[in-house]
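**Q** For reference, the sequence and a predicted model appear below.
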Amino acid sequence: MKILIFLLLFNLWLFSASIDEKLFEGANKELYYKEIQKQIDDAPIGGKRLPELVNEEKLQLSRVRGAALQTIVIESYDLSKISKNQVEIENYYNALGGDAGIRNSINEHQQMLVNIQSKLAFIKQKIANLVEEDKEKLLSYQLQFAYYKLQQKNIETKTELLQKHEKEIFQKLLSSLQFVQCNKLTLIEEKLLLHDNKIKDITQEKIALQINLENALIAESEAKDVISKKIKDAESEQQKLLLQRIMLKTEQSICMIQNENNQDYFKSLIELEELTSTLASDMRPIYKEQTSALRDLSKEAFGVTKLFFGATLHETKEVLKILIGYISSPIFVFNERSISIFSLIKALILIILGFIVGFFYNRWITRTAKRWPNASQMAVRLITNMGYYFIILISFIIAFSSIGIDMSSMSLIAGALSIGIGFGLQTVVSNFIAGVILMFERTIRIGDVVQISDSLRGRVTDMRIRSTTIKTFDNIDIIVPNSSFIQNNVINLTLEDISRRLHVPFSVAYGTKVELVKKIILEELESSDLIYVKNHEEKVAEIWMNAMSQSSVDFELLVWVEWDNKDRPNAIMSDFLILIYNALNKHNIQIPFQQMDVYIKQLPAKNSELMETK
């Protein structure tokens, strides 16, 4: 059976499609591409291999070659204008915008990596699940996977270059901050006030135009097109004014950082964030990054103490944002899926929640069972165990699904586990299946007195999915694997009947009357206070003569005892033996003991002379 399982899994692994890593790994990729090209050109067209499929393969191969030969370069920002002893604030603002542009580009490339990761996972799944009928499409899928894998590497390389250049710009911004010419603060404030008035005017004009447009639509006037154009022009003008205000506010904030005016700076920063949120969606990301770069400059310039006392609430929010971003960023990739700290924490919480729900489920079942005194302990334990393990299983499935792991993609792990079961975990699985059988079959229940061997007898106190606990009459707990109850003969002393027959052996000397022995023992038994079954036609006490041994006549007292006394079988046997012993002594009936006669045929010579002398 083990060999058959192994061969089946080996065949599934052998004939299942896998990723061709030579298409995107190694230094001799071009040589391999030529082989693929020759394979495409030489392959006969017919059947399911249509001309469209061949053209698709050629296009895919061309894309792969292009991605493999792609040279990764980035456009560097000219830092010469902020590398002087005196830096104009406009040039510093432009450099800050250049840093924000690179940051935005890094974010876009990281988003591209996430999308490519999803595509790789999808294509990998298609390759793994490819059936025999669609084997002709395997090369096309392999080429698609290779293209996205090469694109992933190229984007990762470009992202690293962008990050390196962004650090270079930021360090230059930080070092040149002290040389920024902040002698135009009064002029900046005047311009800000002027722009505020213009923004209010354009906002009022836009509202009036919108009202006119609603009226024109109601009246179905031809002026609606003209009004719509004016609204677009007003929105465009409003965006320009907002951008100019953001520029002026940013320049003002730069000077506040230079002068270490942290109180006013954080007020200005909050206003900048509000202004950025009102921008059009296509411009919003880069200006958000500009505000983020400005915030990072303030952290380096102010230091921890001033930063804390300057804007505790603001920085707390930012710390929370950074923390959320950190735990949400991927830390590794599993099965072409990005796994983050947040997803791992979420999965762990779901698993813990499953155990907590299982715990309260057990408590609820136990409390409910107390209201039904006739309920079987075994039935209660069966419902408890099966429900508990079902809840745990569901919690694990939900947890794995929450981190994006498709359970169908665990086929390789399941195959390896099957081999492990066949070779190493056979005993564990056997005990598990035996536990399930015992719980449903109910031939052994909690509270039953069982005997597995001559030396192992006791009461069943607990039944779990893998093992059963038996408490012996010496108060020793023994853990017995469940498979022992299925594979071996087990005596259940309390399966159906509440009583069983006890065999008490005793012997008397030869010459004793059998009828007298029976009469004496049965009379003493009836007059005793020992607990046994008395008033039952089929369960009366009897005395049998078993054998005539070498020095005794052997009898057995057969008496039925109630199940309540089965917890002390040895003590019960002792009580009846004492009764028999006292009864025989009372009536002077001899209890035999083994005797041995020794006959000496011939003594040694010296001993013979000694005997004669005496």
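**A** All right, it came through fine.
**Q** next structured bit after the helix or strand in which Ser176 is found?
**A** Here Ser176, judged by DSSP states H and E, is contained in helix 138-176. The first helix or strand that comes after helix 138-176 along the chain, using DSSP H and E, is helix 185-219.
**Q** Helices of the stretch 201-350 of the chain, residue ranges please.
**A** Along the stretch 201-350 of the chain, counting by DSSP state H, counting those that start in this stretch, helices occupy 224-258, 262-277, 284-310, 312-328, 341-370.
**Q** got those helices as a markdown table, with distance to Tyr388, mean pLDDT and mean neighbour count columns?
**A** For glycine as for every other residue, the C-beta is placed from the backbone atoms N, C-alpha and C. Shown next, in a markdown table, are these (distance: least, C-beta to C-beta, whole Å; pLDDT from 0 to 100; neighbours: other C-beta atoms under 10 Å):
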| stretch | distance to Tyr388 | mean pLDDT | mean neighbour count |
| --- | --- | --- | --- |
| helix 224-258 | 59 | 87 | 18 |
| helix 262-277 | 50 | 82 | 17 |
| helix 284-310 | 49 | 76 | 18 |
| helix 312-328 | 31 | 64 | 12 |
| helix 341-370 | 5 | 86 | 14 |
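**Q** Need those in JSON lines (columns: distance to Lys58).
**A** Formatted as JSON lines, those follow (distance: least, C-beta to C-beta, whole Å):
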{"stretch": "helix 224-258", "distance to Lys58": "46"}
{"stretch": "helix 262-277", "distance to Lys58": "47"}
{"stretch": "helix 284-310", "distance to Lys58": "38"}
{"stretch": "helix 312-328", "distance to Lys58": "41"}
{"stretch": "helix 341-370", "distance to Lys58": "40"}
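**Q** Which among these is found nearest to Gln171?
**A** helix 284-310 (9.5 Å; C-beta to C-beta).
**Q** The helix holding Ser176: how far from the chain's middle?
**A** 32 Å (C-alpha atoms, centre = their mean, to the nearest Å).
**Q** how far off helix 224-258 does it point, in degrees?
**A** Per axes from the mean of the first three to the mean of the last three C-alpha atoms, to 10 degrees, the angle that helix 138-176 makes with helix 224-258 is 50 degrees.
**Q** Can we start the residue count at 27 from this point?
**A** With 27 as the first residue, the last one maps to helix 164-202.
**Q** pLDDT of helix 164-202, averaged?
**A** Across helix 164-202, pLDDT averages out at 91.
**Q** So which elements touch it?
**A** Helices and strands touching helix 164-202, by 3 or more C-beta pairs under 8 Å, 6 or more residues apart in numbering; DSSP states H and E, are helix 55-68, helix 77-95, helix 115-154, helix 310-336.
**Q** Please identify the buried residues of it?
**A** Residues 165-181, 184-185, 187-188, 191-192, 195-196, 198-199, 202 are the ones in helix 164-202 that count as buried (16 or more other C-beta atoms under 10 Å).
**Q** for Ala573, helix, strand, or coil?
**A** strand (DSSP: H, G, I helix; E, B strand; the rest coil).
**Q** Could you point out the bridge partners of it in the sheet?
**A** Beta-bridge partners of Ala573, counted by DSSP bridges, are Asp580.
**Q** neighbours around it, how many?
**A** 12 (other C-beta atoms under 10 Å).
**Q** Could you measure from it over to Phe619?
**A** Distance, Ala573 to Phe619, using C-beta to C-beta, to the nearest Å: 17 Å.
**Q** Ser554 too?
**A** Counting by C-beta to C-beta - Ser554 and Phe619 are separated by 26 Å.
**Q** In terms of neighbours, single out the busier of these two.
**A** In terms of neighbours (other C-beta under 10 Å), Ser554 is the more surrounded of Ser554 and Phe619; the figures are 15 against 9.
**Q** Would you agree that one is in contact with Leu605?
**A** Yes - look at Ser554 against Leu605 with C-beta atoms under 8 Å: they come within range, at 5.7 Å.
**Q** what about stretch 155-164, distance to the chain center?
**A** 32 Å.
**Q** picking that back up, could you point out which of the helices of the stretch 227-376 of the chain sits nearest Val157?
**A** helix 367-396 (31.5 Å).
**Q** gap between the two ends of stretch 532-549?
**A** Using C-alpha to C-alpha, to the nearest Å, the end-to-end distance of stretch 532-549 comes to 16 Å.
**Q** which residues sit in contact with the nearest residue to Gly413 once chain neighbours are set aside?
**A** Computed as C-beta to C-beta, 6 or more residues apart in numbering, the closest residue to Gly413 that is not its neighbour in sequence is Tyr387, at 5.6 Å. Counting by C-beta atoms under 8 Å, 6 or more residues apart in numbering, Tyr387 touches 410, 413-414, 417.
**Q** Just list the residues touching the nearest residue in space to Gly124 that is not next to it in sequence, thanks.
**A** Distances taken as C-beta to C-beta, 6+ apart place Tyr103 nearest to Gly124, at 4.2 Å, with adjacent residues excluded. Shown in contact with Tyr103 (C-beta under 8 Å, 6+ apart): 121, 124-125, 128, 191, 195.
**Q** What pLDDT is listed against Tyr103?
**A** Looking at Tyr103, its pLDDT stands at 89.
**Q** hang on, the earlier thing: hmm, which two among the contacts of Tyr103 are most spread apart?
**A** Distances among those were taken as C-beta to C-beta; the most separated pair is Ala121 and His191, at 12.4 Å.
**Q** on that earlier part again, what is the nearest of the contacts of Tyr387 to Phe50?
**A** The closest of these to Phe50 turns out to be Ile417 (C-beta to C-beta; 43.5 Å).
**Q** Mark out where each domain of this protein begins and ends.
**A** Following the assignment in automatic domain parsing, the chain carries domains at 46-205, 211-354, 367-450, 461-518, 525-612.
**Q** so how far is the fourth one off the chain centroid?
**A** To tie it back to what came earlier, the one meant is domain 461-518. The answer for domain 461-518 is 33 Å, by C-alpha atoms, centre = their mean.
**Q** got it, and the second one?
**A** Relative to the chain's own centre, domain 211-354 is displaced by 44 Å; criterion: C-alpha atoms, centre = their mean.
**Q** Quick one: find the helix or strand in this protein with the lowest mean pLDDT.
**A** Least confident element among the helices and strands of the chain, by mean pLDDT, DSSP states H and E: helix 28-41 (a mean of 40).
**Q** how near is the closest residue to Val475 other than its chain neighbours to Phe292?
**A** Sequence neighbours aside, Leu519 is the residue nearest to Val475 in space, at 4.3 Å (criterion: C-beta to C-beta, 6+ apart). Distance from Leu519 to Phe292, counting by C-beta to C-beta: 81 Å.
**Q** Please apply the same query to Glu261.
**A** In terms of C-beta to C-beta, Glu261 sits 30 Å off from Phe292.
**Q** again, but for His221
**A** Distance of His221 to Phe292, given as C-beta to C-beta: 21 Å.
**Q** which non-adjacent residue is nearest Ala93?
**A** Here the residue nearest Ala93, using C-beta to C-beta, 6+ apart, is Leu176, at 3.8 Å.
**Q** got it, and Ile617?
**A** Excluding its sequence neighbours, the residue lying closest to Ile617 (C-beta to C-beta, 6+ apart) is Leu610, at 5.8 Å.
**Q** so which strand or helix has that neighbour?
**A** helix 595-612.
**Q** which residues touch that helix?
**A** Against helix 595-612 from outside (C-beta under 8 Å, 6+ apart): 483, 499, 528, 530, 532, 534, 546-547, 550-551, 554, 556, 583, 585, 587, 591-592, 617.
**Q** same deal with stretch 482-500?
**A** 404, 407, 411, 415, 454, 457-458, 461-462, 464-465, 470-478, 502-508, 511, 593-596.
**Q** buried sites along it?
**A** Under 16+ other C-beta under 10 Å, the buried positions of stretch 482-500 are 483-486, 489, 491-496.
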